[in-house]
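In: Please find the sequence and the predicted model below.
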Amino acid sequence: MKKLVLIPLLCALSADALADRCDKYAAELAADYKSDIQALQDDFDQSLASHKRKYLKYQVDPEFTFEMVADVWKSQFDYDTHYQRFTHEILAVATNLNTDPKTQKYCKDQDTIENWLERRVDTYEKLLGRLEERIDARVELETVDDTQGLTIVSAYSYGVAPKISIVGEGVLSSFKIGPLVYDQHFEVRALDKGTYRWDRVELGFNGFALQDSNIDVAGSTSYTFYDFTDDAMVFTVTPKRLNFAGVFIFESTNHGARADLHDRSAISIKLLEEQYPYLLHRYEWHNALMPSDPFLSHYYQQRYHQEAE
């Protein structure tokens, strides 16, 4: 947001004159904030329109519209509440700056109110960015081909895990997730068929190196990671299936770190129903971690009255 400056008073002004100045300042402040928020909203709406065109081009099931898919993620991010807050409630704070006794002081303390509004704009921008990314990733799942399987990639970190590396059989099959800081990662990805391994948790550079591996820095530096290659935490993706690949659990300790791969299909099903309800019946379910486990087949049959793999 641009800085708004009141002309310093060279002489004492009446209460009415001060009120008029504050009203004018509040109007300019509100107009500036509204313009910034509207620009973010316009960019977000344009992005959704682009994702909708792609969704309609590759749409697998005509029963599920783009709006239905987008609404799932809007609900996950509590979008309607945030939209009301950032486009109306915060705007009202600026608009009513001089009429609300709690905010009248900011007519003089302009830096504080302007910095506060700038932070609100930044927060809304990040929120819309994360939401748009999840909708984009969901639309991409419409483009899965016959050599790929939809795969549930899930991890939880009891500690700090900047990057978690999953290695596939091909160079282009490997990918990374994170950062996770005492948090959970859950997503459905389109992965090529084959075997994948939870490989390592990368902590990054220490010493005085720049945090960019493409920049050469003279000095004593090292790249730190926890290697779990020998732990054989693998899963196998079957094409044209919804693959349940377990949950990778990472825990940092005083003496290093440990990791394990757990089945936890029941938890994955719950999150799947909340975040990807329109993918539940696209493919047969497959336990990519423990193929012989009958739980998924039994659950699918009981819940949806259909047979699963």
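Out: Sure thing, it's come through. Numbers count the residues shown, from 1 in each chain.
In: now the helices: where do they sit in this structure?
Out: 15-58, 66-76, 79-84, 90-95, 110-140, 265-275, 295-304 (DSSP state H).
In: any chance of those helices in JSON lines, with mean neighbour count, mean pLDDT and distance to residue 257 too?
Out: (Each C-beta comes from the backbone N, C-alpha and C, glycine too.) As requested, the helices of the chain are exported to JSON lines (neighbours: other C-beta atoms under 10 Å; pLDDT from 0 to 100; distance: least, C-beta to C-beta, whole Å):
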{"stretch": "helix 15-58", "mean neighbour count": "15", "mean pLDDT": "93", "distance to residue 257": "38"}
{"stretch": "helix 66-76", "mean neighbour count": "16", "mean pLDDT": "98", "distance to residue 257": "30"}
{"stretch": "helix 79-84", "mean neighbour count": "14", "mean pLDDT": "98", "distance to residue 257": "35"}
{"stretch": "helix 90-95", "mean neighbour count": "19", "mean pLDDT": "95", "distance to residue 257": "41"}
{"stretch": "helix 110-140", "mean neighbour count": "16", "mean pLDDT": "97", "distance to residue 257": "27"}
{"stretch": "helix 265-275", "mean neighbour count": "16", "mean pLDDT": "94", "distance to residue 257": "22"}
{"stretch": "helix 295-304", "mean neighbour count": "14", "mean pLDDT": "85", "distance to residue 257": "29"}
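In: in the stretch 151-300 of the chain, which segments are predicted with low confidence?
Out: 205-223 (pLDDT under 70).
In: what separates stretch 116-133 from the chain centre, distance-wise?
Out: Centroid separation for stretch 116-133 versus its chain: 12 Å, with C-alpha atoms, centre = their mean, to the nearest Å.
In: please begin residue numbering at 40 from this point
Out: All set: I'll call the first residue 40, so the last point we hit is now stretch 155-172.
In: Could you list the alpha-carbon positions for it in CSV?
Out: What follows is stretch 155-172 as a C-alpha-only set of coordinates in CSV (Å, rounded to 0.1, in the frame of the first residue of the first chain):
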residue,chain,number,x,y,z
TRP,A,155,-1.3,-3.1,9.9
LEU,A,156,-3.3,-2.9,6.6
GLU,A,157,-0.3,-3.8,4.6
ARG,A,158,0.1,-7.0,6.7
ARG,A,159,-3.5,-7.8,6.1
VAL,A,160,-3.0,-7.5,2.3
ASP,A,161,0.0,-9.7,2.5
THR,A,162,-1.9,-12.3,4.6
TYR,A,163,-4.8,-12.4,2.1
GLU,A,164,-2.4,-12.7,-0.8
LYS,A,165,-0.7,-15.7,0.8
LEU,A,166,-4.1,-17.3,1.6
LEU,A,167,-5.4,-16.9,-2.0
GLY,A,168,-2.0,-18.2,-3.3
ARG,A,169,-2.2,-21.4,-1.2
LEU,A,170,-5.8,-22.0,-2.1
GLU,A,171,-5.2,-21.5,-5.8
GLU,A,172,-2.3,-23.9,-5.7
